[in-house]
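Student: turn this into a structure:
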Amino acid sequence: MQEMLCRGIEIFQCGHRPRDAIVIPMDLPDANALRVSKEDLRSFVYESAIRVKMPADHASQLADLLIASDLRGIYSHGSRQIVRYVHEIRQGGINPHPTVTIERESANSLVMNGDHGLGYFPAYEGTIRTIEKARTHGMAAMVTRRHGHIGAAGIYSRMTIEHDLLTFVTSGVQLHLSPDRSVVRAAGGSPMSFSAPAMAEPPLVLDCGVTHDMQNDAPQFVPLIHAAPRAVLRAIGFGTICQSWGGLLAGLTIDPPPQSTPYRAANQGAMLFTFKISLFADVQTFKREMDQYARQVRQLRPIDPSHAASLPGWVEAQTESVNRRDGIPLGDAHRMDLEKLADELGMKTPW
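Tutor: Below is the predicted model of the structure:
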């Protein structure tokens with residue numbers, strides 16, 4: 001059986017192991033990973049973006065956000081992503097110098113247009129604006145469109161925590177559905193993040209892709225389908241929410257429109273909804289209850305004795321503390337990807 005409870009709790013996986021085997025696949029670097037200071041790695045990401053003509057302010061913001069993901073141990077969506085973005089820009093799939101605009105706005109809603117650039121820029125600016133709307137009006141929602149990858153959804157749900165807001169973030173991608181493809185395809189990329197603040201404990205931040213273990217080329221896909229069909233269907237169901245709220249709502253039609261722009265990688269949308277805790281409960285009481293919740297969960301029996309039980313976000317908080325102190329670990333594949341990029345761009349690596 002495999003059931004995904006998302007980053008920070010546990011994931012069961014048996015696959016071809018004995019039926020009582022349990023492993024916890026996390027977003028972890030290799031054991032012999034090379035640690036690089038966050039400043040050096042940020043400089044490398046920034047310079048890579050500058051080499052492909054990204055404006056300095058966008059390159060700086062992108063570097064900050066990618067390193068923030070690395071610090072939290074979300075290495076799949078950290079500095080390694082600069083390789084993808086550089087290639088998308090060099091191949092003409094992403095606009096390197098977009099003009100982000102507000103396409104539509106009300107007192108508590110916002111539609112941001114990313115002008116076929118990376119999704120970080122409309123999503124980040126839009127989140128800041130949406131936070132202010134929620135603080136004024138109690139709740140607010142945002143949709144972003146016409147852009148590429150937004151990175152980890154947790155980037156944006158974490159931004160709302162200090163404002164005593166509860167938040168949901170998701171993203172969709174232009175689908176290309178055809179009868180020869182698996183129904184898993186209906187879930188798209190399926191990223192989602194929820195967040196809730198606490199008082200003294202790390203905030204709850206659930207940040208995951210709900211179908212990432214279910215692609216047809218994943219080795220556990222067939223055993224999983226047979227062992228836990230209901231879990232598979234639930235995950236696909238969650239993915240369809242991601243795709244409809246973060247994709248269709250953002251204007252990504254089921255039938256792709258005739259290609260009217262060369263920016264083929266700008267094929268994503270996103271959605272954020274946030275609201276005040278104070279609409280429903282006393283903020284301090286809620287945050288104290290979150291602390292108590294987190295502490296009691298850590299006393300529960302874990303699925304794998306080598307990993308403590310915790311709420312989502314606790315593992316990332318511990319990882320960030322270590323990575324800020326010791327440097328960001330680059331596994332072999334991560335390091336080699338960045339070294340190859342450096343060769344392509346005529347740069348030197350900081351290691």
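
Student: for stretch 227-245, which outside residues touch it?
Tutor: Stretch 227-245 is contacted from outside by 1-4, 14, 170-173, 175, 183-184, 186-192, 210-211, 214, 224-225, 271, using CB atoms under 8 Å, 6 or more residues apart in numbering. All C-beta spots, glycine's among them, are computed from the backbone N, C-alpha and C.

Student: pull the contacting residues for the closest residue to V45 other than its chain neighbours.
Tutor: The shortest distance from V45 to any non-neighbouring residue, by CB to CB, 6 or more residues apart in numbering, is to A63 (4.2 Å). Contact analysis of A63 by CB under 8 Å, 6+ apart lists 42-43, 45-46, 49.

Student: from those, which would you call buried?
Tutor: The neighbour count (16 or more other CB atoms under 10 Å) marks 42, 45-46, 49 as buried among the contacts of A63.

Student: give me the residue at the spatial middle of the chain.
Tutor: The centroid of the chain falls nearest to A152 when counting by CA atoms, centre = their mean (1.7 Å).

Student: from S193, how far out is the residue lying closest to it once chain neighbours are set aside?
Tutor: Excluding its sequence neighbours, the residue lying closest to A152 (CB to CB, 6+ apart) is H77, at 4.0 Å. When distance is defined by CB to CB, to the nearest Å, H77 is 11 Å away from S193.

Student: can you give me the helices in the chain?
Tutor: 38-51, 56-71, 81-90, 120-137, 154-159, 221-227, 229-246, 283-298, 314-326, 332-345 (DSSP state H).

Student: now the contacts of A63 as JSON lines including distance to H307?
Tutor: Formatted as JSON lines, the contacts of A63 follow (distance: CB to CB, whole Å):
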{"residue": "R42", "distance to H307": "30"}
{"residue": "S43", "distance to H307": "34"}
{"residue": "V45", "distance to H307": "30"}
{"residue": "Y46", "distance to H307": "35"}
{"residue": "A49", "distance to H307": "36"}
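
Student: out of those residues, which is nearest to R335?
Tutor: V45 (13.7 Å; CB to CB).

Student: ok, now which ones touch that closest one?
Tutor: So, once contact is read as CB under 8 Å, 6+ apart, V45 ends up touching 62-63, 66-67, 79, 82.

Student: what of D64?
Tutor: By CB under 8 Å, 6+ apart, the contact set of D64 is R42.

Student: pLDDT score for P25?
Tutor: pLDDT recorded at P25 is 47.

Student: tally of neighbours for Q296?
Tutor: For Q296, the count of nearby residues is 11 (other CB atoms under 10 Å).

Student: now do the contacts for it.
Tutor: Applying CB under 8 Å, 6+ apart, no residues contact Q296.

Student: ok, now how distant is it from L311?
Tutor: Distance from Q296 to L311, by CB to CB: 10 Å.

Student: who's the closest spatial neighbour of N113, skipping the chain neighbours?
Tutor: Of all residues not flanking N113 in the chain, E103 sits nearest, at 4.4 Å (CB to CB, 6+ apart).

Student: got a list of what the one you found touches?
Tutor: In this structure, E103 makes contact with 111-113, 145, judged by CB under 8 Å, 6+ apart.

Student: how about 10 Å then?
Tutor: Going by CB atoms under 10 Å, 6 or more residues apart in numbering, E103 touches 110-114, 122, 143-146, 251.

Student: keep only those of those that are in strands.
Tutor: Per DSSP state E, strands hold the following members of the contacts of E103: 110-114, 143-146.

Student: nearest to H58 among those residues?
Tutor: Nearest to H58 among the ones in strands among the contacts of E103: G114, at 11.3 Å, using CB to CB.

Student: surely the closest one meets I102?
Tutor: No: contact criterion CB atoms under 10 Å: G114 and I102 do not qualify, at 11.4 Å.

Student: who has more neighbours, the two?
Tutor: Neighbours were tallied for G114 and for I102 using other CB under 10 Å; the higher tally belongs to G114 (32 against 13).

Student: and the pLDDT for that one?
Tutor: At G114, pLDDT is 98.

Student: which residue, other than its chain neighbours, is closest to it?
Tutor: Distance criterion CB to CB, 6+ apart; nearest residue to G114, sequence neighbours excluded, is H147 at 2.8 Å.

Student: so how far is stretch 116-136 from its chain's centroid?
Tutor: For stretch 116-136, the separation from the chain centroid amounts to 15 Å (computed by CA atoms, centre = their mean, to the nearest Å).

Student: on that earlier part again, so who does the residue nearest to the centre of the chain touch?
Tutor: 7, 65-66, 68-69, 72, 74, 76-78, 81, 158, 169, 171, 191, 193, 205, 207-209.
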